[in-house]
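Trainee: Sequence and predicted structure, then a few things I'm wondering about:
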Amino acid sequence: MSPVRRFSVQRDEVFDDHGSRDGAPLVRVAVAAVVANPWVGRRVDDLSPEVRRLCPPLAQAIMRRGLDALGAPVEAFGKAVVVGLDGEAEHGDALVHNPFFSDVVRLGAGGTAVIASTEARGPAGTSVAVPLCHITAAGTRSHYQAMTTRVADAPAPDEVLVVVALSAGGRIGARIGDRRTDPPFDPTPWRP
């Protein structure tokens, strides 16, 4: 039996950001999987056996849906978890901060960078803002963005909401520069 109760796919097409338009819309998707928490209600010191079992097929299922919904090459990605109230924050972190999950997402997106992430604990309907960054150059500021998503009936107290967000481009109207082109900064005048 699958540990996934449901998948939810959200697709955004952003045409305008308060007067900034770049022509074609920015397309972003968030795929949320509602997963039974395999550790809920008991103290488990070694989470790795369940991680190895659950994470590869979970990440593959999420990425298949995300790539299909995006319909374009991935330029930015991010991940997030919301742990139901009967679980520990560590349960969510265990599901997304491991090579069995992250490497599948990275490979599926064609990326090499660390995947931006966030986690929370909360009741069903908790919103989560998934941070995104460029898939190969995490310091590319034009691709710093977030996609907020929620699933109305998840996570239940004994579930974890696992989310991957993908973007086909950077922010509309991005113009704050880049780490590679920043002028040198002299911190000497600053004192704590």
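Mentor: Okay, I see it.
Trainee: From here on, just use CA atoms for contacts and neighbour counts.
Mentor: Noted.
Trainee: so how many other residues sit close to the nearest residue to V35 once chain neighbours are set aside?
Mentor: Counting by C-alpha to C-alpha, 6 or more residues apart in numbering, the nearest residue to V35 once its immediate chain neighbours are dropped is V4, at 4.4 Å. The number of residues packed near V4 is 18, by other C-alpha atoms under 10 Å.
Trainee: need the contact list for V4.
Mentor: A33, V34, V35, A36 (C-alpha atoms under 8 Å, 6 or more residues apart in numbering).
Trainee: Then D12?
Mentor: Counted by C-alpha under 8 Å, 6+ apart, D12 has contacts L26, V27, R28, V29.
Trainee: Check the protein for its longest helix and report it.
Mentor: helix 48-70 (DSSP state H).
Trainee: Please save the CA atoms from that one in CSV.
Mentor: The C-alpha trace of helix 48-70 is given here as CSV (Å, rounded to 0.1, in the frame of the first residue of the first chain):
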residue,chain,number,x,y,z
SER,A,48,17.1,6.0,7.7
PRO,A,49,15.4,2.6,6.9
GLU,A,50,12.1,4.3,6.2
VAL,A,51,13.9,7.2,4.4
ARG,A,52,15.6,4.7,2.0
ARG,A,53,12.3,2.9,1.4
LEU,A,54,10.0,5.8,0.9
CYS,A,55,12.0,8.6,-0.6
PRO,A,56,13.1,7.4,-4.0
PRO,A,57,9.6,6.5,-5.3
LEU,A,58,8.1,9.6,-3.6
ALA,A,59,10.5,12.0,-5.2
GLN,A,60,10.0,10.2,-8.6
ALA,A,61,6.2,10.5,-8.4
ILE,A,62,6.4,14.2,-7.4
MET,A,63,8.9,15.0,-10.2
ARG,A,64,6.9,13.2,-12.9
ARG,A,65,3.9,15.3,-12.0
GLY,A,66,5.9,18.5,-11.6
LEU,A,67,7.7,18.2,-14.9
ASP,A,68,4.5,17.3,-16.7
ALA,A,69,2.7,20.3,-15.2
LEU,A,70,5.5,22.8,-15.9
